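Enquirer: Here is a sequence together with a model predicted from it:
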Amino acid sequence: MQNNNSVPFWSTITREERFFTCILFHDIRKNPIPFWNALSAEMDCGNNVKVIDQGFEVCFFRDLARKEHGLIERHSALEKQTFDLVLTLSNQDLVIIEAKAHEGFKNEQINMLKKSKNIIMTSNICPIKNVYLAGLCSSEYKPKKSTQDQFDAIFRWDSVARIYPGNEEIYSHANDIYGD
């Protein structure tokens, strides 16, 4: 798609995961039910659980450790770490979503997610009961079984395109640029 000046729209050429996750964040914010129904079908997180909040580019350890919140112990090495998307669930569980578009998951990032999950789950003050890790990536990407096993669910951009047809073109682009 191009605008009047024959210059392509950024949404049709970007390879930036933050752009795609930002669009998804806003779609989930408007209506989390379709995304949650599809994602929760991939995870064992209980019945009648709903998304009650969502976050984009969340600096979990920095923001929850602030004095006025005090909901987790300080971990200065993790204060700059961001989670692409976060879903807070009605049963006090948390879903951390790591999103990829043009590339695959990297072991270093997965290890940091697992470390963060462990810190959250073993915290003496954090009210979160359980943490799920979900990967969001292209249907063109075929992660090794050892990579898939690190996540509670792997979800695909082409599925997101069907769930939120108002932004189907953007999510299809996210799906199609793998390896580009």
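Expert: Sure, I can see it. Numbering: from 1, shown residues only.
Enquirer: Helix or strand: which one has Ala174?
Expert: Using DSSP states H and E, the secondary-structure element containing Ala174 is helix 168-176.
Enquirer: average pLDDT for that helix?
Expert: This predicted structure assigns helix 168-176 an average pLDDT of 96.
Enquirer: ok, and what's touching it?
Expert: Taking CB atoms under 8 Å, 6 or more residues apart in numbering as the criterion, the residues outside helix 168-176 that touch it are 1, 11-12, 14, 17, 20, 23-24, 101, 138-140, 156-158, 160-162, 164. Where C-beta positions appear, they are placed from N, C-alpha and C, glycine not excepted.
Enquirer: Work out the gap between it and the centre of the chain.
Expert: The chain centroid and the centroid of helix 168-176 are separated by 16 Å under CA atoms, centre = their mean, to the nearest Å.
Enquirer: Likewise for stretch 58-67?
Expert: 18 Å.
Enquirer: which residues touch that stretch?
Expert: So stretch 58-67 is contacted by 69, 71-75, 78-83, 85-86, 116, 119-120, 126 (CB under 8 Å, 6+ apart).
Enquirer: For that stretch, the averaged confidence score.
Expert: Predicted confidence along stretch 58-67 averages 81 (mean pLDDT).
Enquirer: thinking again about what came up before, got the CA positions of the helix holding Ala174 in PDB?
Expert: Only the C-alpha atoms of helix 168-176 are listed here, as PDB (Å, rounded to 0.1, in the frame of the first residue of the first chain):
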ATOM      1  CA  GLU A 168      -5.100  -8.100   9.300                       C
ATOM      2  CA  GLU A 169      -2.800  -6.400   6.800                       C
ATOM      3  CA  ILE A 170      -0.300  -5.300   9.500                       C
ATOM      4  CA  TYR A 171      -0.300  -8.700  11.300                       C
ATOM      5  CA  SER A 172       0.100 -10.500   7.900                       C
ATOM      6  CA  HIS A 173       3.100  -8.300   7.200                       C
ATOM      7  CA  ALA A 174       4.500  -9.300  10.600                       C
ATOM      8  CA  ASN A 175       4.000 -12.900   9.700                       C
ATOM      9  CA  ASP A 176       5.400 -12.600   6.200                       C
END
